[in-house]
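Q: Return a 3D structure for these sequence lines:
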Amino acid sequence: MELTRAGEVFYDRCIRILGDIKLSAEMARLADGKGSREIWNGTIYPATIGVLPSFLSRIARKCPGIRMHIASGSTSDIIRSIEAGQLNLGFIRPVENIGSLPFFSISRERYLLAVCKDSPLAALEDLGIEDLRDQKIISAIY
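A: Numbers count the residues shown, from 1 in each chain. Down below sits the predicted model:
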């Protein structure tokens, strides 16, 4: 069976809504003291210093007594662990195909480009990807 584009959008949204309902029910059970007292969380490095601290403090306020287990890993490792039931949730980078896992965007990263002051790029007010075409670039993958 093949879905139309509209069918794909509808299906993906339904899966996300069902996941949100399941998560909301579990959070309500936790707040009422009837759910699991542990949450297993996977995180990529940037989220560890970015969104994770505020998430942890919010969970601690809303659900005191919850034990958080935090594992660091790559986006693909975290997705596989969630699918295998080893993690309850994960902070990951956007990926092309996340399968049927429900997800939502919680943050947008701002990227900076560091260049030496003698670089012709330093004199540009606006920089586009085409300006980087002939540049040697050092980057990291988390």
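Q: what stretches of this protein score poorly on pLDDT?
A: The chain contains residues with pLDDT under 70 at 19, 30, 33-36, 97-98, 109-111, 139-142.
Q: distance of Arg61 from Gly90?
A: Note on Arg61: its distance to Gly90, by CB to CB, to the nearest Å, is 21 Å. For the C-beta atoms, the positions are set from N, CA and C on the backbone; glycine is no exception.
Q: These two: which has the busier surroundings?
A: Gly90 (21 against 8; other CB atoms under 10 Å).
Q: Isn't that one up against Asn41?
A: Yes - look at Gly90 against Asn41 with CB atoms under 8 Å: they come within range, at 6.7 Å.
Q: Just the buried positions in the host helix or strand of Pro53, please.
A: Assigning secondary structure by DSSP states H and E places Pro53 in helix 52-62. Buried residues in helix 52-62, defined by neighbour count with 16 or more other CB atoms under 10 Å: Leu52, Phe55, Ile59.
Q: Could you list the residues in contact with it?
A: The list of residues contacting helix 52-62 from outside it, by CB atoms under 8 Å, 6 or more residues apart in numbering, reads Met27, Ala31, Ile39, Asn41, Thr43, Ile66, Met68, Ile70, Phe91.
Q: Helix or strand next in line after that helix, which one?
A: Sequence-wise, the next helix or strand downstream of helix 52-62 (DSSP H and E) is strand 67-72.
Q: Give the partner strands of that next one in its sheet and their orientations.
A: Here strand 67-72 has these sheet partners by DSSP bridges: strand 38-43 (parallel).
Q: Compute the inter-axis angle for the helix holding Pro53 and strand 38-43.
A: Counting by axes from the mean of the first three to the mean of the last three CA atoms, to 10 degrees, helix 52-62 points 160 degrees away from the direction of strand 38-43.
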